[in-house]
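>>> Build me a model:
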Amino acid sequence: PAPGGTCTNVGCIPSKALLQSSEHFEHANKHFAEHGITATDVKMDVAKMLARKDGVVKQNNDGILYLFKKNKVSFFHGRGSFVKAAEGGYEIKVAGAAEATLVGKHIIVATGSNARQLPGVPFDEETVLSNDGALRVGAVPKTLALIGSGVIGLEMGSVWRRLGADVTILEGLPTFLGAVDEQIAKEAKKAFDKQGLKVELGVKVGEVAKTGAGVSIAYTDAKGEAKKLDADKLIVSIGRVPNTIGLNAEAVGLKLDERGAIVVDDECKTSLPNVWAVGDVVRGPMLAHKAEEEGVAVAERIAGQHGHVNFNTIPWVIYTSPEIAWVGRTEQQLKADGVKYKAGTFPFLANGRARALGDTTGMVKFLADATTDEILGVHIVGPMASELISEAVVAMEFKASAEDIARICHAHPSLSEATKEAALAVDKRTLNF
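Numbering: from 1, shown residues only. Purely as a prediction, here's the structure:
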């Protein structure tokens, strides 16, 4: 209903707003005393928290409309679909409050993705929630169940756990955060366990039934034992599917794959001339910054320039506490690929700024080529990992070695010193550990 797509409206931006609010609440309740601050009878006004979140979203919506106006972009508000190939390009129908027919020489499809439903368990956004409903829960549930321990599951689980919900996450895979470097994932799991965020791995979900009080989930645990979990609310976060239903791709012969994603080449060209597609609706990671990079690259290509997206240096972030961020390959991937590598780690426990912050959980980990010392991957779990990872992205984009980072002066005291120290650790010569 507003510009900005999933990220701005029901994804990255509102979830970060709620994570920030809930983290403030947890600090006031559990950690202020360490700093000599006495705070008693701390309460959370959920309605006000949600209103602030909505305000942050609206600021972003308004910012997009401002940019449209500034750059003379015409905005048609409604559902777009292909009609037919037309002279000069393609005819697009816009169905909305005011219907319109447009003809474009170049078409860029950026329709994003939708939350994947459990078979036979549709979202009602009241009891069974997608990411959308999870961001609009009006009161703290006593018990909250989540299916899927990916980014959305962990972030939303963290928000409501901090506010007092008893949270259980059911994950079908036998390993926790399989896409994350194994050492980093184990460190994160220890932190979540300590916080009281319950994660059950290797489960097989059976019947999910709505009850008068909420929802009941039958499942088999990793040992094969039948279990049942009753909860006030259920958030389903088992992945996302490309949003191409209603696009009327068949009318113009636009090729889709078996998942419903638009088939594109390395330059985001589709099966049709002058039709492009970017973001969640095509192959690759479903990340807002990946979509933005592709969008910029396509605009450059249409303008006769040479747009470029390097998939090997796209950073990933999970905004829990501790944050988890990484770029490049994991240790398990390097082993599977037969790449000889060196690893170096440095714990935040030995970092002066982390001690001053009172947040020493986690580490920085470097993986470098055993022969050339080129950085192959950097993995972080700990405070401000989302910001620290950018140095690694720049380094990898310029083909830097671990020694290059080890020899750069980092400000003291700063969390970024842990990055320098981890780079030093690749050559077993840390200074402060």
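>>> so what secondary structure elements neighbour the single longest helix found in the chain?
The residue-count maximum for a helix in the chain (DSSP state H) belongs to helix 46-70. Applying 3 or more CB pairs under 8 Å, 6 or more residues apart in numbering; DSSP states H and E, we find helix 46-70 packed against helix 5-10, helix 12-26. Quick note: C-beta positions are derived from backbone N, CA and C, even for glycine.
>>> Select, out of these, the one closest to L424.
helix 12-26 (31.0 Å; CB to CB).
>>> Give me the residues contacting stretch 274-294.
In this structure, residues lying in contact with stretch 274-294 by CB atoms under 8 Å, 6 or more residues apart in numbering are 5-7, 11-12, 89-90, 105-113, 240, 242-244, 252, 254, 261-264, 268-270, 295, 298, 301-302, 309, 311, 314-316.
>>> Quick one: residues contacting the residue of the chain most remote from its centre.
Most distant from the centre of the chain: E87, at 40.6 Å, with distances by CA atoms, centre = their mean. Neighbouring residues of E87 by CB under 8 Å, 6+ apart: V103.
>>> quick revisit: in the helix or strand that the longest helix of the chain is followed by, which residues are buried?
The helix or strand immediately downstream of helix 46-70 is strand 79-86, counting by DSSP states H and E. Neighbour-count burial for strand 79-86, counted by 16 or more other CB atoms under 10 Å, picks out 80-82.
>>> Please apply the same query to stretch 376-392.
For stretch 376-392, by 16+ other CB under 10 Å, it's 376-386, 388-389, 391-392.
>>> How much space separates the spatially closest residue to D257 that is not a sequence neighbour from V208?
What sits nearest to D257 in space, not counting adjacent residues and going by CB to CB, 6 or more residues apart in numbering, is V263, at 5.4 Å. Separation of V263 from V208 (CB to CB, to the nearest Å) stands at 33 Å.
>>> Who has more neighbours out of those two?
V208 (20 against 14; other CB atoms under 10 Å).
>>> Need phi/psi at that one.
Dihedral angles of V208 (phi, psi; degrees, to the nearest 10) stand at phi -110, psi 120.
>>> Hmm, S216 and it touching each other?
Yes. Between V208 and S216 there is a contact at 7.4 Å, judged by CB atoms under 8 Å.
>>> angle of the strand or helix carrying R301 against helix 12-26?
Per DSSP H and E: R301 is located in helix 288-302. Here helix 288-302 runs at an angle of 150 degrees relative to helix 12-26 (axes from the mean of the first three to the mean of the last three CA atoms, to 10 degrees).
>>> wouldn't A354 be in contact with A385 here?
No. Under the criterion of CB under 8 Å, A354 makes no contact with A385, lying 11.5 Å away.
>>> Just the helices from the stretch 301-433 of the chain, written as ranges.
331-337, 352-357, 385-397, 402-406, 417-426 (DSSP state H, counting those that start in this stretch).
>>> Show me the one of these that comes nearest N29.
helix 352-357 (17.6 Å).
>>> what two of the buried residues of stretch 376-392 have the greatest distance between them?
L376 and P383 (24.3 Å).
>>> Quick check: M363 touching T345?
Yes. Between M363 and T345 there is a contact at 5.1 Å, judged by CB under 8 Å.
>>> who has more neighbours, the two?
M363 (24 against 20).
>>> So the more buried one versus A385, what's the distance?
From M363 to A385 the distance is 10 Å (CB to CB).
>>> hmm, back to that, now the helices and strands packed on helix 46-70 as JSON lines including mean pLDDT, distance to A98 and mean neighbour count?
Formatted as JSON lines, the helices and strands packed on helix 46-70 follow (pLDDT from 0 to 100; distance: least, CB to CB, whole Å; neighbours: other CB atoms under 10 Å):
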{"stretch": "helix 5-10", "mean pLDDT": "95", "distance to A98": "21", "mean neighbour count": "20"}
{"stretch": "helix 12-26", "mean pLDDT": "98", "distance to A98": "27", "mean neighbour count": "19"}
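>>> how about these in CSV, adding distance to D132?
Formatted as CSV, the helices and strands packed on helix 46-70 follow (distance: least, CB to CB, whole Å):
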stretch, distance to D132
helix 5-10, 4
helix 12-26, 9
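>>> for the nearest residue in space to H412 that is not next to it in sequence, what are its contacts?
In space, H412 comes closest to G352 once its chain neighbours are excluded; the distance is 7.1 Å by CB to CB, 6+ apart. G352 makes contact with 412-413, 417, according to CB under 8 Å, 6+ apart.
>>> and of those residues, the nearest to G148?
Minimum distance to G148 across these is 35.4 Å, recorded for E417 (CB to CB).
>>> Burial check on that closest one, number of neighbours?
Around E417 there are 23 residues (other CB under 10 Å).
>>> correct me, but it touches N351?
Yes. Using CB under 8 Å, E417 is in contact with N351, at 6.0 Å.
>>> shared neighbours of the two, which are they?
N432.
>>> Please enumerate the strands of the stretch 101-250 of the chain.
107-109, 113-115, 128-129, 143-147, 166-170, 198-200, 204-210, 215-220, 226-231, 233-236, 240-242 (DSSP state E, counting those that start in this stretch).
>>> Columns mean pLDDT on top of those, output as JSON lines?
Below are these laid out as JSON lines (pLDDT from 0 to 100):
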{"stretch": "strand 107-109", "mean pLDDT": "98"}
{"stretch": "strand 113-115", "mean pLDDT": "97"}
{"stretch": "strand 128-129", "mean pLDDT": "98"}
{"stretch": "strand 143-147", "mean pLDDT": "98"}
{"stretch": "strand 166-170", "mean pLDDT": "98"}
{"stretch": "strand 198-200", "mean pLDDT": "98"}
{"stretch": "strand 204-210", "mean pLDDT": "96"}
{"stretch": "strand 215-220", "mean pLDDT": "98"}
{"stretch": "strand 226-231", "mean pLDDT": "98"}
{"stretch": "strand 233-236", "mean pLDDT": "98"}
{"stretch": "strand 240-242", "mean pLDDT": "97"}
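>>> Using JSON lines, lay out the ones you listed together with distance to Q332.
JSON lines is the format used below for the strands of the stretch 101-250 of the chain (distance: least, CB to CB, whole Å):
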{"stretch": "strand 107-109", "distance to Q332": "35"}
{"stretch": "strand 113-115", "distance to Q332": "27"}
{"stretch": "strand 128-129", "distance to Q332": "32"}
{"stretch": "strand 143-147", "distance to Q332": "25"}
{"stretch": "strand 166-170", "distance to Q332": "22"}
{"stretch": "strand 198-200", "distance to Q332": "20"}
{"stretch": "strand 204-210", "distance to Q332": "24"}
{"stretch": "strand 215-220", "distance to Q332": "27"}
{"stretch": "strand 226-231", "distance to Q332": "29"}
{"stretch": "strand 233-236", "distance to Q332": "28"}
{"stretch": "strand 240-242", "distance to Q332": "24"}
